[in-house]
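Peer 1: task: produce atomic coordinates for the following.
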Amino acid sequence: MPRGASILKALILLAFSGAIFPVPAAATGSLAAPEFSLTIQDLRTLTAALPGTVQARILADPRSFLHMLSQVLDEPAELLVLVDKSHPLPADYAPADLVSLGSYPLSVSREDLSLRKAIMPDVLALAAAARADGVTLLFSSSYRSYDHQKKVYEHEVKMNGQQAADRESARPGASQHQLGTAMDFGSITDAFSDTKAGRWLAAHAEEYGFSLSYPKGFENVTGYRYESWHYRYITRSAARLQREYFDDIQQYLIEFLHDNRTALEAKRLPAR
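Peer 2: Next up, the predicted model:
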């Protein structure tokens, strides 16, 4: 064989062995990341229910994904609870650390608004950052008890009919507001998206751990029509993970954690 052909054959063999061009992790079955005892096949199985684009992004960079995921699993689990039409909260559920927003330097529409004390540092950071940019965030709705949500929902049904109500008002127990970590801003109308505050939140809320719960075009995923005013605090690390790997859709992330938290925790390795 001519010397040039031998060299070419050797280079091809090296390339396929991964010595020159690394073999994708998905083809090796090796551990996906040092934080978990997971193989790529394990990760493929865990992400099988996600949209194809989301799964592909995760499998293309499993180490970075699992590193960020490990940080999210270190956050308090109650801040990432799945609450939707299929996963309601008990009627007697209420956060133990509710505090009045009127006790803080915030702009509020009513004196009876409250949120969990655990999230207030980032609530205040969000409002302060907006204020520094010349934007006032008006907090218009916050924690709602099961009974309060029942009244809200019944009013919506009376005013707009059952079908319309179910597109934009949660039934009692199915509202994120009962968690004490969800809030509505401004006018609570479609016009909010085009206000200065609406545009600022869309651009910056994630930086402080807040996520738009019901984005435009995803009613079939979230169960509710677009609500530009409704944000939920999910922690800064979870908001980053949502943006980087879950198409910036809260429902995808929260459902993934709901379905896989136990399996992931069982596969976590001690910190080195």
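Peer 1: Y93 against Q149, yeah?
Peer 2: No. Counting by C-beta atoms under 8 Å, Y93 does not reach Q149; the two are 11.3 Å apart. C-beta here means a position set from N, CA and C on the backbone, and glycine is covered the same way.
Peer 1: find residues that contact each of these two.
Peer 2: Between them, Y93 and Q149 share these contacting residues under C-beta atoms under 8 Å, 6 or more residues apart in numbering: Q178.
Peer 1: looking at these two, which one has more neighbours?
Peer 2: Legend: neighbour count by other C-beta atoms under 10 Å for Y93 and Q149, higher for Q149 (21 against 15).
Peer 1: distance-wise, check that one relative to R171.
Peer 2: To R171, Q149 is 8 Å away according to C-beta to C-beta, to the nearest Å.
Peer 1: and V83, by the same measure?
Peer 2: 11 Å.
Peer 1: neighbour count: those two, which is higher?
Peer 2: V83 (23 against 17).
Peer 1: I'd assumed L89 was in contact with the more buried one.
Peer 2: Yes. Applying C-beta under 8 Å as the test, V83 and L89 come out as touching, 5.8 Å apart.
Peer 1: common neighbours of these two, please.
Peer 2: In contact with both V83 and L89: 174, 178-179, using C-beta under 8 Å, 6+ apart.
Peer 1: now, those residues that are in strands?
Peer 2: Among the shared contacts of V83 and L89, none falls in strands (DSSP state E).
Peer 1: are any of these buried, and which?
Peer 2: Among these, the ones that count as buried by 16 or more other C-beta atoms under 10 Å are 174, 178-179.
Peer 1: need phi/psi at G223.
Peer 2: Here is the backbone geometry of G223 (degrees, to the nearest 10): phi 90, psi -10.
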